[in-house]
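Visitor: Attaching a predicted model along with its sequence, questions to come.
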Amino acid sequence: MKSIASLEDLIGIEHCKVGFYQDLQQKVEQLKTSNDELEKKRQEIEAVLDGITDLMLVLSDDLKIQQVNHVFTKWFPGVDPIGKYCYQVFRGQKTTCPECPALRSLDLNEIVKDYCIYKVDGSYRHFDLIASPLKSEGTGERNVLIFKRDVTRDKELQSQFNQAEKMATVGALAAGVAHEINNPLAAISGFAEGLQRRIKKIKHLVEPELVEDFSEYTDIIIKECYRCRDIVQTLLTFSRPIASSHGPVDVNKCVRDTLFILKHHFKEQRGVTLKTNFGENLPVIMGDESQLKQVIINLLSNAFDATKGGGLISVSTRKSSEDGVELTVEDSGCGICIDNLDKLFEPFFTTKKVGQGIGVGLSTCYAIVNKHNGEIKVMSQEGKGALFKVTLPGAGL
């Protein structure tokens, strides 16, 4: 016989259901509120991360890239880094970098700061790097957080500031020296010209051979005075302010003026042969003549240093494929170690001995050429010389 539920039983069941659904509804509302709060915090964190202009990435303990922020896609468009080793993506290497800051941070379990330089989109970029160890409390997994800040512009400005101060000092000295030298040169050339006029008046009283000798000597004196004056003027062009205005520049003339200044280097260094090949009808470029001469003199000085034991230095100019000008300085000297090629344009990097250089020459060249919308490249093999190629766009005149 079937039992019949009483009214009290039915009321009790419905009451339990109502209480259960009420509790469930409250839980759902709480979850919705928590989810909204979490979404709001996620958006806030995402906005903060999007506002950071530094490259951020998380590496595993074997240096595989786990996560990156939006900056990576700007620096390396079209590259998927997840799961790849950092030294493959950033350096194009098959092994870890020497003194890797990420590994040092994991080994020391502390924040490590470092500095690096490598190519991004075909140009050298300088980066300040911070590596911070991360550890998961649940799994014990070790990761490292990397921040990379692009400080290329800061390095360029620092190098230009140092160079500007040096050139300002040289300019002040050159102006004073020019004034002090020009005065006696004017007197010497003036008296030599006076002697020439007097010799003409008394040449009938003196032996012809003596008159000829005096004429030759005075001509040489006047000619050498003019040569000294040209040297002083050329030195003054090197000492002009770094921010002088741009104008039409003949690259061949810049090279010839610089070689004129460096004549003493060839006399001092025996066994060094200079070969020049100037292209004809080169396009005029828009630039600062004094800065471009500074690039040429730095490249030639480095070539002299590389061929101290004797060798060949070749300087050539020609029209580039894009209606610009290409300047090449090549030497048969000691060459450059492959490990140093990527560091050559880094400020204060030098392979010279202490006291022979501070490492701002090539970084200054890079900054000047870049300022002229040009490009500077180096090709070298240790023991087989080096070739520096500067390409500058034409003025379109």
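Guide: Structure received. Numbering: from 1, shown residues only.
Visitor: Beyond the longest helix belonging to the chain, next helix or strand please.
Guide: Within the chain, and with DSSP state H defining each element, the longest helix by residue count is helix 152-202. Using DSSP states H and E, the helix or strand that follows helix 152-202 towards the C-terminus is helix 208-238.
Visitor: who does that following helix touch, helix- and strand-wise?
Guide: Applying 3 or more Cβ pairs under 8 Å, 6 or more residues apart in numbering; DSSP states H and E, one finds that helix 208-238 makes contact with helix 152-202, helix 251-261, helix 289-306. Quick note: C-beta positions are derived from backbone N, CA and C, even for glycine.
Visitor: try 6 Å
Guide: Packed against helix 208-238 by the contact rule (3 or more Cβ pairs under 6 Å, 6 or more residues apart in numbering; DSSP states H and E) you find helix 152-202, helix 289-306.
Visitor: Next secondary structure after it?
Guide: In the C-terminal direction, the helix or strand that comes right after helix 208-238 (DSSP H and E) is strand 247-249.
Visitor: circling back to that earlier point, mind putting the helices and strands packed on helix 208-238 into a markdown table with mean neighbour count, distance to Thr328 and mean pLDDT?
Guide: What follows is those, written out as a markdown table (neighbours: other Cβ atoms under 10 Å; distance: least, Cβ to Cβ, whole Å; pLDDT from 0 to 100):
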| stretch | mean neighbour count | distance to Thr328 | mean pLDDT |
| --- | --- | --- | --- |
| helix 152-202 | 14 | 24 | 76 |
| helix 289-306 | 22 | 9 | 83 |
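Visitor: Can you add distance to Val390 and give these back as CSV?
Guide: Converted to CSV, the helices and strands packed on helix 208-238 look like this (distance: least, Cβ to Cβ, whole Å):
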stretch, distance to Val390
helix 152-202, 17
helix 289-306, 7
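Visitor: How about Gly83: what's its closest non-neighbour residue?
Guide: Distances taken as Cβ to Cβ, 6 or more residues apart in numbering put Lys64 closest to Gly83, at 6.0 Å, once the chain neighbours are dropped.
Visitor: Could you give the number of residues near that neighbour?
Guide: 16 (other Cβ atoms under 10 Å).
Visitor: State the distance from Glu216 to Glu156.
Guide: Separation of Glu216 from Glu156 (Cβ to Cβ, to the nearest Å) stands at 53 Å.
Visitor: coming back round to it: so which elements touch the longest helix of the chain?
Guide: Judged by 3+ Cβ pairs under 6 Å, 6+ apart, the packing partners of helix 152-202 are strand 123-135, helix 208-238, helix 361-371.
Visitor: ok, now with 10 Å
Guide: Applying 3 or more Cβ pairs under 10 Å, 6 or more residues apart in numbering; DSSP states H and E, one finds that helix 152-202 makes contact with strand 112-120, strand 123-135, helix 208-238, helix 289-306, helix 361-371.
Visitor: shouldn't the residue nearest to Gly83 be in contact with Tyr85?
Guide: Yes - look at Lys64 against Tyr85 with Cβ atoms under 10 Å: they come within range, at 5.8 Å.
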